[in-house]
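Visitor: Let me see the structure of the following:
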Amino acid sequence: MSQTLFDPAALAAHRARTERAGTVATFLHEIAADEVSERLVEVNRRFTDAVVIGPQAALWADAVAPGARQVAAAEVLDLAEGSADLIVHGLALHWAEDPVGQLVQMRRALRPDGLMIAAMFGGQTLAELRTAFAEAETRVEGGLSPRVAPMGEIRDLGGLLQRAGFALPVADSLPLKVDYADPLALMRDLRAMGETNAMAARRRGGLRRETLGAVVETYFDQYARDDGRVLATFEIVFLTGWAPAENQQQPLRPGSAKARLADALKVPERPLDD
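Guide: Residues are numbered from 1 along each chain as shown. This is a model prediction of the structure:
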């Protein structure tokens, strides 16, 4: 039995294939990078040593930090301790075998009060395709095989920031609905993104024609719009954390408030029912 979740060789081959073919689909990277760029404007701080990580690092660097050092997404990141004041992980952390380990590496690479923002696909991503594959394979082949990589729910992903030692951790998501002419167009887009199946336990030998037909039929039956097109969900989760520093704002201790909420709202305070 495989001891790992992902097959890094397969993932690298998928990404290389799209680069060779010149068919890389980057629209989700562009959306996520623009979102991070807007957030950095709101931070209102000048970063001098930025690092961008991911398969589309050049695109991300242009959007969020021109001139940033570009680092490949790998289990061991090419980061020196205390070398950066900003690290952006661009839509690749969902492929990490050890995401907490990746976050720890980034925290150590940050100087005190340095900022890390990671964008990754969340648990609602491709929910429709997962369902269509599950129903089609069960009906045609009598069982399931891993087809879409598992992706974390936002509550669990936010907890990773605390485990990695980040201060002021925040996790939020951007849900997107993308429409396609048919499920096959969605699959072609996933291939062009380099986001096709790279799970270690995936079934080898390709997808049976009968199963593919059942996937398309199920997808249309459940997710077609009135105009005949189908929808696909992509959830981009943003993880934001700061390297701890003595001068950072700290949360108040429980019970240390100097004013009552009831007084601020000008309403009577009532005891909770037992």
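
Visitor: any idea which helix is longest in this structure?
Guide: helix 27-43 (DSSP state H).

Visitor: in that one, what counts as buried?
Guide: Under the neighbour-count criterion of 16 or more other Cβ atoms under 10 Å, helix 27-43 has 28-29, 32-33, 35-36, 40 buried. For glycine as for every other residue, the C-beta is placed from the backbone atoms N, C-alpha and C.

Visitor: ok, so of those, who is nearest residue 19?
Guide: Closest approach between the buried residues of helix 27-43 and residue 19, by Cβ to Cβ: residue 29, at 13.7 Å.

Visitor: pretty sure residue 176 is in contact with residue 237, am I right?
Guide: No: Residue 176 is beyond contact range of residue 237, at 11.8 Å (criterion: Cβ atoms under 8 Å).

Visitor: So between those two, which is more surrounded?
Guide: Neighbour totals were compared for residue 176 and residue 237, and residue 237 leads with 26 against 16 (other Cβ atoms under 10 Å).

Visitor: got a list of what the closest residue to that one other than its chain neighbours touches?
Guide: Distances taken as Cβ to Cβ, 6 or more residues apart in numbering put residue 122 closest to residue 237, at 3.8 Å, once the chain neighbours are dropped. For residue 122, the contact set (Cβ atoms under 8 Å, 6 or more residues apart in numbering) comprises 94, 151-154, 157, 173, 235-237.

Visitor: between those residues, which has the most around it?
Guide: Neighbour-wise, those (other Cβ under 10 Å) top out at residue 237, 26 neighbours.

Visitor: For the helix or strand where it lies, enumerate the helices and strands it packs against.
Guide: Taking DSSP states H and E as the criterion, residue 237 maps to strand 230-242. Applying 3 or more Cβ pairs under 8 Å, 6 or more residues apart in numbering; DSSP states H and E, we find strand 230-242 packed against helix 27-43, helix 99-109, strand 110-121, helix 127-141, helix 154-163, strand 167-180, helix 183-193, helix 209-223.

Visitor: so which of the ones you listed is the most packed in?
Guide: Mean neighbour count (mean count of other Cβ atoms under 10 Å) peaks for strand 110-121 among the helices and strands packed on strand 230-242, with a mean of 22.

Visitor: What average pLDDT does that strand get?
Guide: Computed over strand 110-121, the mean pLDDT rounds to 97.

Visitor: List the strands paired with it, with their directions.
Guide: Strand 110-121 has its sheet partners listed here by DSSP bridges as strand 84-90 (parallel), strand 230-242 (antiparallel).

Visitor: Report the angle between the longest one and helix 209-223.
Guide: Following axes from the mean of the first three to the mean of the last three Cα atoms, to 10 degrees, one obtains 80 degrees for the angle between strand 230-242 and helix 209-223.

Visitor: same thing with the first one?
Guide: Strand 84-90 runs at 100 degrees relative to helix 209-223, counting by the same axes, to 10 degrees.

Visitor: so strand 84-90 versus helix 99-109, what angle?
Guide: Using the same axes, to 10 degrees: strand 84-90 against helix 99-109 is 150 degrees.

Visitor: Other residues contacting strand 84-90?
Guide: In contact with strand 84-90 (Cβ under 8 Å, 6+ apart) are residues 29, 32-33, 36, 40, 47-57, 59-60, 64-65, 68-69, 73, 79, 102, 106, 109-111, 113-120.
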